[in-house]
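Undergrad: coordinates only, sequence not included:
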C-alpha cells in the first residue's frame, strides 16, 4: 500500500486547512510554500519509500510514473501546478499566488480576503480550490497504484 505517501497527503490536507481567511503576509507565504512542497513530496515519498515495500508495489509505481510522463503536459494539475509551482518555490522562491484584503472601515461587514493564483493555467482561480483539486488527483493516482499492485501476479 502507498502508506507513507498517504501520510504526506494527509499533511497536504492539513496545509490546506491552514490556508484560512485572515492569514496574510509572511505567514500566508510560509503556508503556501509548505502546501506546495508537501504536494510534490507525495510523489518523492511514493518513489523513495513506498516503492521499496515489495516488488509488486515497485512495479506499479514505476508503471504509473511512466504513464504519467508519457501523457505530459497532461494532467495539468500535476505538471503545471504540483510540479512547476513547487519547482518555482523551491528553486527560485517565486510564488505564483497571492492574497488581497479589502477592509471596509466603518462598515458592519468583515474584511474580504481573496487568495488567487496569479500565474499559469490556474491564474485567477482560488488557491484552496486548486490545492483541493491536486489532493484529489493524488488520491486517485495512489488508489490506482494500490489497485495495480494488489492485482499483480
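TA: Good, I have the coordinates. This one's a predicted model, so the numbers in the text were calculated from it and none came from an experiment.
Undergrad: ok, how many other residues are close to residue 89?
TA: Applying other Cβ atoms under 10 Å, we find 21 residues neighbouring residue 89. Placement of C-beta: from N, CA and C, glycine included.
Undergrad: Just to check, it is in contact with residue 39?
TA: No - under the criterion of Cβ atoms under 8 Å, residue 89 is not in contact with residue 39, lying 10.4 Å apart.
Undergrad: Residue 116: which element?
TA: Using DSSP states H and E, residue 116 maps to strand 112-117.
Undergrad: what comes up buried for the following helix or strand past that strand?
TA: Following strand 112-117 in sequence order, the next helix or strand is helix 127-151 (DSSP H and E). For helix 127-151, a neighbour-count test (16 or more other Cβ atoms under 10 Å) marks 127, 130-131, 133-135, 137-138, 141-142, 145-146, 148-149 as buried.
Undergrad: Include pLDDT when you put these into CSV, please.
TA: Output for those, formatted as CSV (pLDDT from 0 to 100):
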residue, pLDDT
127, 95
130, 97
131, 98
133, 98
134, 98
135, 98
137, 98
138, 98
141, 98
142, 98
145, 98
146, 97
148, 97
149, 96
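Undergrad: Flag every buried residue along the helix or strand bottoming out on mean pLDDT in the chain.
TA: Within the chain, no helix or strand scores below strand 97-102, which has a mean of 86 by mean pLDDT, DSSP states H and E. Going by neighbour count (16+ other Cβ under 10 Å), the buried part of strand 97-102 is 97, 99.
Undergrad: angle of that strand against helix 127-151?
TA: 140 degrees (axes from the mean of the first three to the mean of the last three Cα atoms, to 10 degrees).
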